[in-house]
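S.K.: Here is a sequence with its predicted model. Questions after.
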Amino acid sequence: MSSNSQKRRQITGGDLRKNAPSPSHYGRKRGSDGQLRSQGDPQPSLGAKGEHRHTDNRSERQASFTTPETVRPLSRCKDWGSEVEESEMRMSVNRDMQRYRRRILTAEFSSRERKVSSGSCDSRDSASPTELETDENVLLRRQKQINYGKNTLAYDRYIKEVPKHLRQSGVHPRTPNKFRKYSRRSWDQQIKMWKVKLHTWDPPAQDGDLQAIEQIDLGEVMDIELDPDGETCKTSAGDEMDCFSVTPRKMKKTEELPQV
Amino acid sequence: MRGFIANDPSCTTKFLISDGVNARSLVRSLVNRMEGSGKEEYKIQSFDMETQKLLKTALKDPSAVDLEKVSSVIVDQSLKDQVFSKEAGRICYTIVQAEAKQNNGSVFRRNLLNRLQQEFKGREEMRKRSLQEWVCYVSFICNVFDYLKVNNMPMMALVHPVYDCLFRLTQPDSLRNEEEVDCLVLALHRIGEQLERMSLQRMDELFCQLRDGFLLQENLTSLGRLLLLEVLEFRAGGWTLSDTAQKYYYSEVAD
């Protein structure tokens, strides 16, 4: 992975910057610094030196960066704004976790009477508590990636257009389930896929010079179930990107578009 | 005066008012200090009309305004206006909630906190430059701590900075100034209990400083001593005054 300092500092979506050229960022309502976007530039990243300017007396503890996933106390150099945001996210991730665990338990409990389908695709096995992702830092990172995708006009339009009960698996994008155990690569690809699917709901062009949205052919992708509820089959997401190499042409988001 | 002395058989009263200051006016000033100052909810009447308009819009429709400017305006005013600095937390809270509800954003909060952090770093210089501004800053950051909760929990990031400010106020050069003592005890009344929950150890240390100050510092004013004594009793009573102490400090005395 890329430099630790960059990863650590960004709160929203910083991880993704080094991945795809990210056409998704054109549909973003807000930049990584939280400001409503007026232009497409991402926030310039500061080097380690720049970080010091924003710190308080605890800066001396920043001296050495350890591996990204190490749990560090909040006294690690941050501005108060970021500290509070991160702690807020941590709390909500933990709350989500409790809720998810409850859901699984009740689902397991009520499913005991039903016939269990055979084969390795039995999702009830994979939803057992021992297979949950519990590392807070991993969850936090995943949550940030999810937030990044949800912080788009496309997502807003999508959830307005298609209420949950009308969603068909395979047709409609589903948010990857951050509580399931996946390899890093698998997870990152799921996120990518999900965001690509979301582009279907990008706002239409108003300016004649811009290209119209292409309907993305989701054919190959239909085989892969993204299952946030843990109720459908989980397949290995390792090879899905091989069948889907087209980068859909996207619209630039313009500020004149009606906001929510 | 008579009633005041009658409440207290010990020689404490003589000690407190030995410089001849009217005890009743002391008590009255204590009472007035504690009361909230009034009607207007957000106390924005001290702003000019254009800014008032900006703030009112921010409260209703945060995405329609430049939230960085809004936070800057609020902080600037808090550093100048003592009344506002004690109550500005509430307007901040409302804007944070409004922004979160409207678009799940936290631009205002982030800007507010980072500005507070900036001022915090320069607090010693601020105090040298202007005691008034320093006192306003402390009132403001405590007020923000009080109002701006995250999932109903106080913001961790502010706990130690707030303590640092209060500790500064227990230094001898601060205890000597009534305004700083006043600021300190008001803060403890409002957020002492919460702060203690976040760090008992630091609160204990803080109160050691307060006791030392009360006991050993020679250049305290009468009011300063009164304020310190009251807050010492307040904490000792579990962040509330016993009935007798309440009567002692706060009952209106007829001449």
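M.R.: Structure received.

S.K.: going forward, measure contacts between C-alpha atoms and count neighbours the same way
M.R.: Fine.

S.K.: Taking the stretch 151-255 of chain B, what residue is nearest to chain A?
M.R.: The nearest approach of the stretch 151-255 of chain B to chain A comes at B:A157, 5.9 Å away (CA to the nearest CA).

S.K.: Could you verify my assumption that that residue touches A:E85?
M.R.: No - if you go by CA atoms under 8 Å, B:A157 and A:E85 don't touch, sitting 10.1 Å apart.

S.K.: More neighbours: which of the two?
M.R.: A count of neighbours by other CA atoms under 10 Å in any protein chain shown puts B:A157 above the other of B:A157 and A:E85, at 21 against 17.

S.K.: which element is that one on?
M.R.: Mapping B:A157 onto the secondary structure by DSSP states H and E places it in helix B:156-169.

S.K.: Mean confidence (pLDDT) on that helix, please.
M.R.: Regarding helix B:156-169, the rounded mean pLDDT is 97.

S.K.: tell me what the helix or strand that comes right after it is packed against?
M.R.: The first helix or strand that comes after helix B:156-169 along the chain, using DSSP H and E, is helix B:172-175. Packed against helix B:172-175, as judged by 3 or more CA pairs under 8 Å, 6 or more residues apart in numbering or on different chains; DSSP states H and E, are the following elements: helix B:178-198.

S.K.: The helix it packs on and chain A, any residue contact?
M.R.: No - using CA under 8 Å from any CA of the partner chain, we find that helix B:178-198 stays clear of chain A, coming within 14.5 Å at best.

S.K.: Run through who's touching that helix.
M.R.: Residues outside helix B:178-198 that contact it (CA atoms under 8 Å, 6 or more residues apart in numbering or on different chains): B:34, B:135, B:138-139, B:142, B:145-146, B:154, B:159, B:166, B:169-170, B:174-175, B:202-203, B:221, B:223-224, B:227-228, B:231, B:239.

S.K.: and with 7 Å instead?
M.R.: B:135, B:139, B:142, B:146, B:159, B:166, B:169, B:174-175, B:203, B:224, B:227, B:231, B:239 (CA atoms under 7 Å, 6 or more residues apart in numbering or on different chains).

S.K.: Same check on stretch B:129-143?
M.R.: Stretch B:129-143 is contacted by residues B:78-80, B:82, B:85-89, B:123, B:126-127, B:162, B:165, B:180, B:183, B:187 when judged by CA under 7 Å, 6+ apart.

S.K.: Return the subset of those residues lying in helices.
M.R.: With DSSP state H as the criterion, helices contain B:78, B:82, B:85, B:88-89, B:123, B:126-127, B:162, B:165, B:180, B:183, B:187 from among the contacts of stretch B:129-143.

S.K.: which of these are buried?
M.R.: Among the ones in helices among the contacts of stretch B:129-143, those scoring as buried are B:78, B:82, B:85, B:88-89, B:123, B:126, B:162, B:165, B:180, B:183, B:187 (criterion: 16 or more other CA atoms under 10 Å in any protein chain shown).

S.K.: sorry, back to before: farthest-separated two in the contacts of helix B:178-198?
M.R.: Among the contacts of helix B:178-198, the pair separated by the greatest distance (CA to CA) is B:V159 and B:G224, at 25.3 Å.

S.K.: and those two? which has more neighbours close in?
M.R.: Counted by other CA under 10 Å, B:V159 and B:G224 do not tie: B:G224 has more neighbours, with 22 against 17.

S.K.: what sits against that one?
M.R.: B:178, B:181.

S.K.: can you do 8 Å?
M.R.: When the contact criterion is CA under 8 Å, 6+ apart, the partners of B:G224 are B:175-178, B:181-182.

S.K.: Look at A:R101 and report its pLDDT.
M.R.: The confidence metric pLDDT takes the value 90 at A:R101.

S.K.: That one: neighbouring residues, count only.
M.R.: The criterion is other CA under 10 Å. On that basis, A:R101 has 17 neighbouring residues.

S.K.: Work out for me the element it sits within.
M.R.: Counting by DSSP H and E, the secondary-structure element that holds A:R101 is helix A:80-111.

S.K.: Wondering if that helix reaches chain B at all.
M.R.: Yes - under the criterion of CA under 8 Å from any CA, helix A:80-111 makes contact with chain B via A:80-84, A:88, A:91.

S.K.: Determine the set of other helices and strands touching that helix.
M.R.: Applying 3+ CA pairs under 8 Å, 6+ apart, one finds that helix A:80-111 contacts helix A:136-150, helix B:107-121, helix B:156-169.

S.K.: Could you pull out the buried residues of the one helix or strand B:V135 maps to?
M.R.: Counting by DSSP H and E, the secondary-structure element that holds B:V135 is helix B:131-147. Of the residues in helix B:131-147, those with enough neighbours to count as buried (16+ other CA under 10 Å) are B:132-147.

S.K.: and if you look at stretch A:137-150?
M.R.: When neighbours are counted by 16+ other CA under 10 Å, the buried residues of stretch A:137-150 are found to be A:138-146, A:148-150.

S.K.: Near the residue of chain A found nearest chain B, how many other residues are there?
M.R.: Of all residues in chain A, A:G81 sits closest to chain B, at 4.2 Å by CA to the nearest CA. Residues within reach of A:G81, counting by other CA under 10 Å, total 21.
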